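Q: got a predicted structure plus its sequence, pasted below:
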Amino acid sequence: MKKTGVLVGVLIFGFGAAQAQPPRGGGPGGGRGGDGIWLRNAVLAESPTFDPCNAHQPPTGEYHYHDNPVCLRLQLNDNIRKDGNVYSELPAPWRHSPILGWAYDGNPIYGPYGYSNPKDPTSPVRRLRSGFKLRGMTQRHSLARWAAELHHVNEKLDENRYGPDVDAGHPLGWYVEDYDFAGGDLDLYNGRHTVTPEFPNGTYAYFVTIDDNGKPAFPYVLGRQYFGSVPSRQTRVTAGTVETFHSTQKDAAPVLTSWLTKYSGEEAHVLDARKPDAGPLATWPGQEKPAHPDISEVLYSQDWVFVSGSGLASHTMGPWQGPDGRAFPNWPADQSFQDRFPRSPQPAAEKSTNGLGPLGRWVNGVALFNMLDGASWSTAQKDDVMSGPGGGPGGRGPGGRGPGGRGPGRGGPPPPEDEDR
């Protein structure tokens, strides 16, 4: 499936909105739907629709992980085991986590385990701790400093920007702004400067974060901002001299060697919740012919690495259930993507805020999403409301509350699909 030789093409850029800073006085949506201050946490609101691999997809079929990609970690021997459908962390001693993905700023994303001393590769390996913690509050009348600066508002909010009181329908953690940054092993962006097995001279790297029990820990992968400078997204092969990378090449950079390509000649498979006895399926609704998983091609130039793939994983995807126990209506689909990553990432003087949609790629080509689901609290409507026209990617307008349109403990039938449901 690999091409050989040198290619010459034309630059065709896709300029996404994910690089933009949020409007003043709000986050995604800027008040067009919800108020854009109290942004709903997808990991809490949408987790009932995740498959055992912690992934799902919107109506567009873009399969993605919002947090700890346990199935990918198992494939890469990242200190994890599987018993039946249950994934759990291995006990110590641990090995340093491998590279699990790359953010669009060109910095690597590692699993949860790193050196206890970021400057010393001989120091013990341990789970790295997120710097965020839940705020001890019962009313949402103020923001932590980091969130106030991100939203360009004062920490003490005006009454028309209050969020709902903490209750069963809006537990602590339901909103991104329920967290304060107190400091830990990782910075505000969920990364640090460190030596790693792939970067013995040091690099900036993000880390997947989990707690002592192996559960996803906020902000899960990336924080609300990238550490590095983010170029425009590349959607087609580039101009100039572009060569195909081959796995036999020696002394290549990790941004070339870390992509998962060895299963790309196989077929992607899903499990159908409606047919539990059918086993893995190579075709499914919306995917009428088999598709190849993982990364199909890695190209590179002097400044860039370009990866192509379907966005489907080589581990079995699904099954998916709705929060009401019915089969989830969305199916993954071949995305036929190509993305580019800078070979020499640079720290950003002014950090860019990330939003909805992909923030990078896991090494199997699956899209990396952050902790947002596109909804925020609306003071006027006293409900969580999707932020933009149509409710975000593949979504719907106002009215949704969490998976199936409800917060915890709320009844009633699920509404039509929103961003990921």
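A: The structure has been received and is ready for your questions. Numbers count the residues shown, from 1 in each chain.
Q: would you state the strands of the stretch 51-200 of the chain in chain order?
A: Listed in chain order, the strands of the stretch 51-200 of the chain (DSSP state E, counting those that start in this stretch) span 55-56, 64-65, 80-83, 86-89, 99-103, 108-110, 113-115, 125-127, 132-134, 179-181, 191-194.
Q: TSV for those strands, including distance to Pro319, mean pLDDT and mean neighbour count?
A: For glycine as for every other residue, the C-beta is placed from the backbone atoms N, C-alpha and C. Below are the strands of the stretch 51-200 of the chain laid out as TSV (distance: least, CB to CB, whole Å; pLDDT from 0 to 100; neighbours: other CB atoms under 10 Å):
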stretch	distance to Pro319	mean pLDDT	mean neighbour count
strand 55-56	11	96	27
strand 64-65	16	96	26
strand 80-83	16	96	13
strand 86-89	15	95	15
strand 99-103	23	98	26
strand 108-110	27	98	25
strand 113-115	29	98	22
strand 125-127	29	98	18
strand 132-134	31	97	18
strand 179-181	31	98	19
strand 191-194	33	98	20
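Q: TSV please, covering the ones you listed and showing distance to Thr203.
A: TSV is the format used below for those (distance: least, CB to CB, whole Å):
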stretch	distance to Thr203
strand 55-56	27
strand 64-65	22
strand 80-83	23
strand 86-89	24
strand 99-103	10
strand 108-110	7
strand 113-115	12
strand 125-127	17
strand 132-134	22
strand 179-181	22
strand 191-194	7
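Q: mind checking which of these is nearest Glu297?
A: strand 99-103 (15.4 Å; CB to CB).
Q: other SSEs contacting that closest one?
A: strand 108-110, strand 360-362 (3 or more CB pairs under 8 Å, 6 or more residues apart in numbering; DSSP states H and E).
Q: what ranges do the helices span in the protein?
A: Secondary structure of the chain, counting by DSSP state H: helices at 42-45, 70-75, 145-151, 254-257.
Q: of the strands of the stretch 51-200 of the chain, which is nearest Phe207?
A: Across those, Phe207 has its closest neighbour in strand 108-110 (5.0 Å, CB to CB).
Q: can you list the strands that the closest one pairs with?
A: Using DSSP bridges, the strands paired with strand 108-110 in its sheet are strand 99-103 (antiparallel), strand 203-207 (parallel).
Q: could I get those strands as JSON lines with distance to Leu271?
A: Below are the strands paired with strand 108-110 laid out as JSON lines (distance: least, CB to CB, whole Å):
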{"stretch": "strand 99-103", "distance to Leu271": "23"}
{"stretch": "strand 203-207", "distance to Leu271": "29"}
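Q: out of these, which is closest to Ala327?
A: Closest to Ala327 of the strands paired with strand 108-110 is strand 99-103 (CB to CB; 28.8 Å).
Q: centre of the chain to the closest one, how far?
A: In terms of CA atoms, centre = their mean, to the nearest Å, the gap separating the centre of strand 99-103 from the centre of its chain is 10 Å.
Q: now that strand - C-alpha only, PDB.
A: These are the backbone C-alpha positions of strand 99-103, laid out as PDB (Å, rounded to 0.1, in the frame of the first residue of the first chain):
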ATOM      1  CA  ILE A  99       3.900   7.600  22.000                       C
ATOM      2  CA  LEU A 100       0.200   7.200  21.500                       C
ATOM      3  CA  GLY A 101      -0.500  10.200  19.200                       C
ATOM      4  CA  TRP A 102       0.500  13.600  17.900                       C
ATOM      5  CA  ALA A 103      -1.200  16.900  18.400                       C
END
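Q: related to what we said a few turns ago, now for the strands of the stretch 51-200 of the chain, which one comes closest to Ala367?
A: Relative to Ala367, the nearest member of the strands of the stretch 51-200 of the chain by CB to CB is strand 64-65, separated by 4.0 Å.
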